[in-house]
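K.L.:
No letters, just coordinates:
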């Protein structure tokens, strides 16, 4: 609005709409490219490799933890055998008891809903 009226604004955009349509000059693009080359690469680890010692540490830290693709999967507990995850007998007993308690609560809730 002000820009169309002839005022010279310090911002590159009128505000609120983001930077859509903003075109960088070739000099500015070259400056950005130079700043991101080599050690300043924003991806940081690009072109480098972990040492064997670091790989061993990373591997050890991931042992006995569920994989991210298994979390949220209904059957991930069944597949834990393939991940090297072992449950104690006490933990298994607690899970079985909790499942039974939850099933009983669901049955009671259904009965209450049907009766009302």
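P.N.:
Thanks, I have it. Predicted model, so just to flag it, every value in this text is computed and none were measured.

K.L.:
Which stretches in this protein count as helices?
P.N.:
Counting by DSSP state H, the chain has helices at residues 26-35, 52-62, 89-115.

K.L.:
So what touches the first one?
P.N.:
Residues outside helix 26-35 that contact it (CB atoms under 8 Å, 6 or more residues apart in numbering) are residue 24. (Each C-beta comes from the backbone N, C-alpha and C, glycine too.)

K.L.:
pLDDT-wise, which helix or strand of the protein ranks last?
P.N.:
Using mean pLDDT, DSSP states H and E, helix 89-115 stands out as the lowest-scoring helix or strand of the chain, at a mean of 81.

K.L.:
Show me which positions of that helix end up buried.
P.N.:
Across helix 89-115, burial judged by 16 or more other CB atoms under 10 Å covers no residue at all.

K.L.:
where's residue 11 relative to residue 5, distance?
P.N.:
15 Å (CB to CB, to the nearest Å).

K.L.:
Just list what the least confident helix or strand of the chain packs against, helices and strands only.
P.N.:
When contacts are defined as 3 or more CB pairs under 8 Å, 6 or more residues apart in numbering; DSSP states H and E, helix 89-115 packs onto no helix or strand at all.

K.L.:
how close does residue 38 get to residue 46?
P.N.:
From residue 38 over to residue 46 (counting by CB to CB), the distance is 10 Å.

K.L.:
Equivalent analysis for residue 11, please.
P.N.:
34 Å.

K.L.:
do the same with residue 40
P.N.:
According to CB to CB, residue 40 stands 11 Å off from residue 46.

K.L.:
Count residues in the vicinity of residue 87, would you?
P.N.:
Neighbourhood size, residue 87 [other CB atoms under 10 Å]: 13.
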